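J.: from the sequence below, what's the structure:
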Amino acid sequence: MTLSRRRFLTIASAACLVPVAGRAARAPFRWQGVALGAKAQIVLDHPQAERIARDALAEIARLERVFSLHRPDTELARLNRDGLLEAPSFALLDCLALARRVHGLTGGRFDPTVQPLWAVLAEAGARGEAPDPARLGEAHAALGFERVRFDASAVALDPGQALTLNGIAQGWIADAVAARMRAAGVSDVLVDTGEIVVMGHAPDGDAWPVRLAGEAQARRFSDRALATSASLGTVLDGERLGHILDPVGAAAAPRQVSVSAPRAALADALSTALCLVPDAQQAQAICAAAPGARLEAFAEVEPSPAG
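T.: Below is the predicted model of the structure:
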C-alpha cells in the first residue's frame with residue numbers, strides 16, 4: 001500500500017486477506033460506500049464484522065460533526081461563526097490540546113488559526129487574482145494559536161480568528177476508529193483514513209508493509225501510525241502556492257514529509273508542520289522532542305509545470 005495524503009477510508013483485517021491453511025476459505029464481510037466525503041471500503045473477517053463496521057462508520061459520522069469545515073452544524077463551524085463554543089466535546093478538546101503541544105514543538109509552525117489566511121488566498125486563487133491587501137492584512141493579524149482559549153467549559157477565539165483542524169483531525173479520526181476496532185477484539189488491522197494506523201500483523205505474519213510515496217521498497221510497521229504531508233499536495237494559485245501555510249513567514253522549499261508516531265493525530269500534525277522547517281536536521285530535532293515520533297522521510301519536491 002502506498003502512503004499518501006488522500007481522501008479515502010479503508011479498514012482491512014489481516015485474517016481476511018489470504019486463505020488460512022488447513023481450512024476452507026470464508027468470504028469476509030465487505031462494505032463499500034462513502035465516508036469522510038470520499039470512497040470508503042471496510043473488509044473484515046470477524047464473527048461480528050457487520051456490527052464492527054457499522055460502529056466504525058457511526059464513529060466517523062460522529063467525528064465529522066465535530067471537525068468538518070464544510071457543514072454549518074459542526075462544532076468547528078459553530079466555533080468559527082460565533083467565536084465561542086460552550087461545552088465542547090472531548091474530541092475537540094483533546095485535538096486542540098495536541099495541536100497546542102505540536103504548536104509549541106514546531107515553534108508555531110503548526111497553527112490552526114491559518115484558516116482566515118487560507119480562505120483569502122484560496123478565494124483569490126480561484127479567481128486568478130492577487131489577494132486583496134486589506135483582507136490579507138486582517139488574516140495575518142488574526143494569526144496566533146496561543147491566543148485561542150479552551151477548557152472543558154468553552155473554546156474562545158479572538159475577533160477575526162477561525163480554526164482549521166485539517167492537519168490533525170484526519171489522524172485523530174484514524175486513532176478513534178482504530179480504538180473502536182481494538183475494543184471490538186480486532187487485533188490485526190490496518191486503518192487508513194488518509195493517515196494510517198496499523199495494529200498487529202499483516203496476513204504473512206510479519207508487520208504491515210507500507211510503501212512511502214516515492215520509495216520502491218515497502219517498509220514494515222506494526223502498532224504504529226504514519227502520515228505523509230506534501231507542501232504542494234494542493235495548490236491555491238494553480239502553480240506554486242501550497243495549501244500548507246507558514247504562520248511564522250519563513251518560506252521553505254516545497255517538501256514532502258513522512259512521520260510515524262504512536263498516534264496518527266501526532267504524526268499528522270508533525271508531518272504538516274515539518275513541511276515548513278528549513279532542513280531535515282531541524283525536522284529530526286522536532287521529532288526527537290515528541291515522544292515516540294520518528295521522521296521517516298524528508299524530501300524537497302519540484303512543483304508541477306503550470307497547465
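
J.: so Gly107 is in which element?
T.: Using DSSP states H and E, Gly107 falls within no helix or strand.

J.: count of neighbours near it?
T.: Counted with other Cβ atoms under 10 Å, residues neighbouring Gly107 total 14. For glycine as for every other residue, the C-beta is placed from the backbone atoms N, C-alpha and C.

J.: surely it meets Val248?
T.: Yes. Between Gly107 and Val248 there is a contact under Cβ atoms under 8 Å: 6.7 Å.

J.: Gln115: which element?
T.: In the assignment (DSSP H and E), Gln115 maps to helix 115-127.

J.: buried sites along that helix?
T.: Taking 16 or more other Cβ atoms under 10 Å as the basis for neighbour counts, the residues of helix 115-127 that come out buried are Gln115, Pro116, Leu117, Trp118, Ala119, Val120, Leu121, Ala122, Ala124, Gly125.

J.: tell me where the model's unsure across the chain.
T.: Counting by pLDDT under 70, the chain contains low-confidence residues at 1-8, 15-26, 232-243, 250-253, 301-307.

J.: please, where are all the strands along it?
T.: Counting by DSSP state E, the chain has strands at residues 2-3, 9-13, 29-35, 38-44, 84-86, 149-150, 154-156, 189-192, 196-199, 208-212, 219-221, 224-230, 255-261, 294-300.

J.: can you redo those as CSV with distance to Met181 and mean neighbour count?
T.: As requested, the strands of the chain are exported to CSV (distance: least, Cβ to Cβ, whole Å; neighbours: other Cβ atoms under 10 Å):
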stretch, distance to Met181, mean neighbour count
strand 2-3, 19, 18
strand 9-13, 7, 23
strand 29-35, 13, 15
strand 38-44, 9, 19
strand 84-86, 29, 14
strand 149-150, 29, 14
strand 154-156, 29, 17
strand 189-192, 5, 25
strand 196-199, 7, 26
strand 208-212, 14, 20
strand 219-221, 16, 17
strand 224-230, 13, 26
strand 255-261, 18, 26
strand 294-300, 23, 18
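
J.: can you put the ones you listed in a markdown table and add distance to Gly171?
T.: Formatted as a markdown table, the strands of the chain follow (distance: least, Cβ to Cβ, whole Å):
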| stretch | distance to Gly171 |
| --- | --- |
| strand 2-3 | 13 |
| strand 9-13 | 13 |
| strand 29-35 | 15 |
| strand 38-44 | 16 |
| strand 84-86 | 21 |
| strand 149-150 | 19 |
| strand 154-156 | 20 |
| strand 189-192 | 11 |
| strand 196-199 | 9 |
| strand 208-212 | 15 |
| strand 219-221 | 15 |
| strand 224-230 | 6 |
| strand 255-261 | 9 |
| strand 294-300 | 15 |
